[in-house]
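K.L.:
build me a structure from this.
(2 chains)
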Amino acid sequence: METNNSYGQPPVGQMPTGQPPYGQPMQGQMPMGQPMQGQMPMGQPMQGQMPMGHHPMGGMPMYGYPPMRPMPQLIVEPMPKLENGPSLLECRNLTKSYVYGRNALDHLNLTIEKGHIVGLLGPNGSGKTTLIKIINGLLVPTEGEVLINGQKPGAYTKSVVSYLPERTYLEAQKDVKSLIEFFADFYQDFRKERAYDMLQALGVPIDARLKTLSKGTKEKVQLILVMSRDAQLYILDEPIAGVDPAARDYILRTILSNYNSEATILICTHLIYDIENILDDVVFIKNGRLVVQSTAQKIRDKFNKSVDMYFREVFAC
Amino acid sequence: MLKTLLKYEWKDTWGLCTVCNGIALILSVIGALMISLWHYSDDRTFTDTQTTMLGVVFSFYIIIYIVSVFAIVLVMKYYFFLRYYKNLFTDQGYLMHTLPVKSTDLINSKLIIAVLWQFITGIVVAICIVLISFSFTNIFAELSITDFAEAFHDIEIELEELMKGIPLIVSAVICGLISPVFEMLLMYMAVGIGQLSKKNRLLLSILVLIGIYIGKRFISSLLSFPLQMFVINEDPSLTSVNIGSVLLTLAIVGSTVGLYFLNKYFIEKKLNLE
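P.N.:
Below you'll find the model as predicted:
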């Protein structure tokens, strides 16, 4: 089979052998909400384990002491480099401290190469969005540095990175058409025809002002603008959070069909189950530190679990 | 890319600015017409603001007019302050700061358009004042061509005198040109400081701006007092006035350059789009 990376994975947009179509559970992966073989249903005690909230010695209820869970094995395997020259994205000792104490990022080291779809995953407050903002030059790190193609965030890096923030950031007064003109004027890699095609497919009126559109439609417009670029690195922060399930399928298909195999997509989301079938790699962040970096396939093979299940175990409360 | 940024900055601002300046001009023309009408009319009911309805309307209009022109000048100034804040330090900043442009291009585009509109507003306000003043004094009705010639001759004589103080004139021109830039950069600095806060950024920016104005007034009176004393008491010659004006201009130019780099520093090193 034709491969596009060192993991022996198929080209982007094509599912690995044996992987079911998007949205279907994989072999060894249970549908969401159902327990896996050897695993008790969620909320039910395992063999030899007392039900949560009960004292092990008797029938007395126990408050505030959930049973200890064994820490799952964590894998940190940096992506192999395919070619000479700088990596697409490199975070060196990256730290972001806020005035009010907490470190949002804590000496994070992360390297991402070209041609991957990477899931940037972690619980709330783990530092994902802070990392994304630093990559895009919206926040300045307290320590360490970020390099994109060997360069610090600046005019050049912004010309090769296409970023979708997790919020509505476009001027509400502008209409969709003028936003397309705006993007086309500033980004040389912006493809107007692609944008119009996607708008038509999603039924977004091009003459409508943004303020007249629903939240979901605004998010679709933003995603279309971002995915209509031929960027080297796409950074999508919660791209499917605000849209209905039907549109999610279209958006994921859009992401896959509009991205070239030389580019990398970094997707940050909580909806792991919805996107895990398109991920080549996953990166887990906890308390601003890298805890897992691996291929999605390796997690499935090694732990016989879906990425979603593995995530739940790693970040179990 | 600066050209493209300027294009969009102009496109986004011209509507409101044109409306504001247009209102000022229309109000002035109406006011000037009313005054001229009164001047040519034998009926003096306009002037009797106490007893006649027309007189009340007329005086009310003049009050509205003066307040409107002041309001327009203020709106024009603070609109660009708010725009800078909203465009670069709120959600819209996610777009502006991810455009493939230098941080200096972002500042320059905002600054150039804001200053340009300050000049346009200055010209419009000057036209308004001239229109109303001329209507009140009715100079148009009484002046002849010879009057204009005499007036120009007087100006010529005045200019000859003034030419002796070329540094003073040059300084005044430079100050006149650079003052709007200085004022805008002061506002931008207030926004830059305000955005360092986690909450209530706009409020903090406004408070910083008020603080800056108070500080500026204090410093300028502190500096101007000894200068005035020196000029009046010690050396009232034109040379000392020239030296004083050149020093003042250098101080304003220096502060403007310093403010520019401070704002660049805020965007490049202290940007905080949390």
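
K.L.:
look up phi and psi at B:Ala251.
P.N.:
Backbone torsions of B:Ala251, given as degrees, to the nearest 10, read phi -60, psi -40.

K.L.:
residues near it, how many?
P.N.:
Applying other C-beta atoms under 10 Å in any protein chain shown, we find 14 residues neighbouring B:Ala251. In short, each C-beta sits where N, CA and C put it, glycine included.

K.L.:
for it, which non-adjacent residue is spatially closest?
P.N.:
B:Leu223 (7.8 Å; C-beta to C-beta, 6 or more residues apart in numbering or on different chains).

K.L.:
which parts of the stretch 101-250 of chain B sit against chain A?
P.N.:
Contact residues (C-beta under 8 Å from any C-beta of the partner chain) of the stretch 101-250 of chain B with chain A: B:101-102, B:198.

K.L.:
okay, the residues you listed in TSV with neighbour count, pLDDT and distance to A:Ala155 next?
P.N.:
Formatted as TSV, these follow (neighbours: other C-beta atoms under 10 Å in any protein chain shown; pLDDT from 0 to 100; distance: C-beta to C-beta, whole Å):
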residue	neighbour count	pLDDT	distance to A:Ala155
B:Val101	21	93	6
B:Lys102	17	92	5
B:Lys198	11	79	28
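
K.L.:
turn those residues into JSON lines, including secondary structure and distance to B:Val181.
P.N.:
What follows is these, written out as JSON lines (DSSP: H, G, I helix; E, B strand; the rest coil; distance: C-beta to C-beta, whole Å):
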{"residue": "B:Val101", "secondary structure": "coil", "distance to B:Val181": "20"}
{"residue": "B:Lys102", "secondary structure": "coil", "distance to B:Val181": "19"}
{"residue": "B:Lys198", "secondary structure": "coil", "distance to B:Val181": "31"}
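
K.L.:
need the contact list for whatever residue of the stretch 101-250 of chain B ends up closest to chain A.
P.N.:
Residue nearest to chain A within the stretch 101-250 of chain B (C-beta to the nearest C-beta): B:Lys102, separated by 5.2 Å. Neighbouring residues of B:Lys102 by C-beta atoms under 8 Å, 6 or more residues apart in numbering or on different chains: A:154-155, B:1.

K.L.:
ramachandran angles for B:Val101?
P.N.:
The phi/psi pair for B:Val101 (degrees, to the nearest 10) is phi -130, psi 160.

K.L.:
which residue sits closest to it in space, ignoring its chain neighbours?
P.N.:
B:Met1 (4.4 Å).

K.L.:
now the residue in the stretch 1-150 of chain A positioned nearest to chain B. Its backbone dihedrals?
P.N.:
Residue nearest to chain B within the stretch 1-150 of chain A (C-beta to the nearest C-beta): A:Leu138, separated by 4.2 Å. The phi/psi pair for A:Leu138 (degrees, to the nearest 10) reads phi -90, psi -20.

K.L.:
residues near it, how many?
P.N.:
Here the number of neighbours of A:Leu138 (other C-beta under 10 Å) works out to 21.

K.L.:
contact partners for it?
P.N.:
Residues near A:Leu138 by C-beta under 8 Å, 6+ apart: B:93-94, B:97-98, B:271, B:273.

K.L.:
what mean pLDDT would you report for stretch A:240-254?
P.N.:
Averaged across stretch A:240-254, the pLDDT comes to 77.

K.L.:
pLDDT weak spots in the stretch 1-150 of chain A?
P.N.:
Scanning the stretch 1-150 of chain A for pLDDT under 70 picks out the ranges A:1-72, A:82-83, A:99-101.

K.L.:
swap in the stretch 201-317 of chain A?
P.N.:
Along the stretch 201-317 of chain A, the parts satisfying pLDDT under 70 run over A:317.

K.L.:
where along chain B do the helices fall?
P.N.:
B:2-40, B:53-89, B:93-96, B:103-137, B:139-142, B:145-163, B:166-194, B:201-229, B:238-269 (DSSP state H).

K.L.:
just say which of the ones you listed is most tucked in.
P.N.:
Mean neighbour count (mean count of other C-beta atoms under 10 Å in any protein chain shown) peaks for helix B:93-96 among those, with a mean of 21.

K.L.:
CA atoms of that one as PDB?
P.N.:
The C-alpha trace of helix B:93-96 is given here as PDB (Å, rounded to 0.1, in the frame of the first residue of the first chain):
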ATOM      1  CA  GLY B  93      -7.200  40.300  17.400                       C
ATOM      2  CA  TYR B  94      -7.300  36.600  16.600                       C
ATOM      3  CA  LEU B  95      -7.700  37.600  12.900                       C
ATOM      4  CA  MET B  96      -5.500  40.700  12.900                       C
END
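
K.L.:
contacts for that helix, please.
P.N.:
Contacts of helix B:93-96 (C-beta under 8 Å, 6+ apart): A:138, A:163, A:165, A:167, A:169-170, B:87-88, B:106, B:271, B:273.

K.L.:
ok, now with 6 Å
P.N.:
Under the contact criterion C-beta atoms under 6 Å, 6 or more residues apart in numbering or on different chains, helix B:93-96 has outside partners A:165, A:169, B:87-88, B:273.

K.L.:
what is the rounded mean pLDDT of it?
P.N.:
Average pLDDT, helix B:93-96: 92.
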